[in-house]
Each structure stands twice: as C-alpha cells, then as structure tokens.
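**Student:** Got a sequence here, can you build the structure:
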Amino acid sequence: MPETGNGIVSRRSQHTVDETVERLRTLLAAKNVRLFALVDHSGEAEKAGLKMPPTRLLIFGSPVAGTPLMLAAPSIAIDLPLKILVWEDGEGQAWLSWNSPEYLQHRHGVPEALMKNLDVVEGLATKAAGD
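**Tutor:** Now for the predicted structure:
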C-alpha cells in the first residue's frame, strides 16, 4: 500500500469506482457500521457543468469505536467519522484512498490500545479492492 508521505494510503481496486463503492457499502452493512454519507464529488461537478472522473467519498463509523477514540484524544473528532475516497485516475483505474491509522495516531496521540478502532479502515479498503 503506497503511502504518499502525507498520511494518505492508496490501493488499486480490481473493480470500477461504482463496483468498489457497492462492495464497501456491503462490507459496512455486514459489520453493522453506519454509512453516514456518500458524497458524489463527480456527480456534483456534473450538475455544475464540469467534468470530473468518478470520485466518491464514503463517510462511516460507529459510536462504539469512535467514542473511546474521542474520549482519549478529543482532537481526533476532526478526522472522524472515518473516510474512504474511491476515485478514478486518468487511465480509468479505480483507487481507494484513506488516512493511515498510524498518521491519525501520531496526529492526535491515540493510545496504542485503541488502534484497533482505526485499523478497520485498511481491512475494509483491502476487501473492497480485491476479487
């Protein structure tokens, strides 16, 4: 998983943007994780008369996982709920991008004991990207 140096990790998807988004939605539902919002950046661009490759942002979380994080490191609330960006590059390849849990830990001082609450994002992205 290449990290860009700014805390963002990206993984190539084996599926289209729409298929990847649906796979993520299914995975979230199976884990009883709430999808708070699905932001269709490219759809909104199109409504404004602009062209943009498919770009969708899923915002999701669980109070059971998020509340202990915010109690231990209140500033993490600025980065919660968790997010995964699904986007298409110039060659038509779909990608998933998210904030690395280690970046969030360092940024907000999250205790090691609570890292499992952040690590879920990588598992979701990996499963959504795969076969």
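
**Student:** Please make it C-alpha for all contacts and neighbour counts, starting now.
**Tutor:** Fine.

**Student:** name the element the residue nearest to the spatial centre of the chain belongs to?
**Tutor:** Central residue of the chain (Cα atoms, centre = their mean): Ile84, 1.6 Å from the mean position. Assigned by DSSP states H and E, Ile84 belongs to strand 82-88.

**Student:** And the contacts of stretch 75-84?
**Tutor:** 57-62, 66, 69-70, 96-99, 104, 108, 121, 125 (Cα atoms under 8 Å, 6 or more residues apart in numbering).

**Student:** Show me which of those are buried.
**Tutor:** 57-62, 66, 69-70, 96-99, 104, 108, 121, 125 (16 or more other Cα atoms under 10 Å).

**Student:** helix/strand/coil for the residue of the chain most remote from its centre?
**Tutor:** Within the chain, the residue lying farthest from the chain centre (Cα atoms, centre = their mean) is Gly49, at 26.9 Å. Three-state assignment for Gly49 (DSSP: H, G, I helix; E, B strand; the rest coil): coil.

**Student:** From the contacts of stretch 75-84, which land in strands?
**Tutor:** Among the contacts of stretch 75-84, the ones falling in strands (DSSP state E) are Leu57, Leu58, Ile59, Phe60, Gly61, Leu96, Ser97, Trp98, Asn99.
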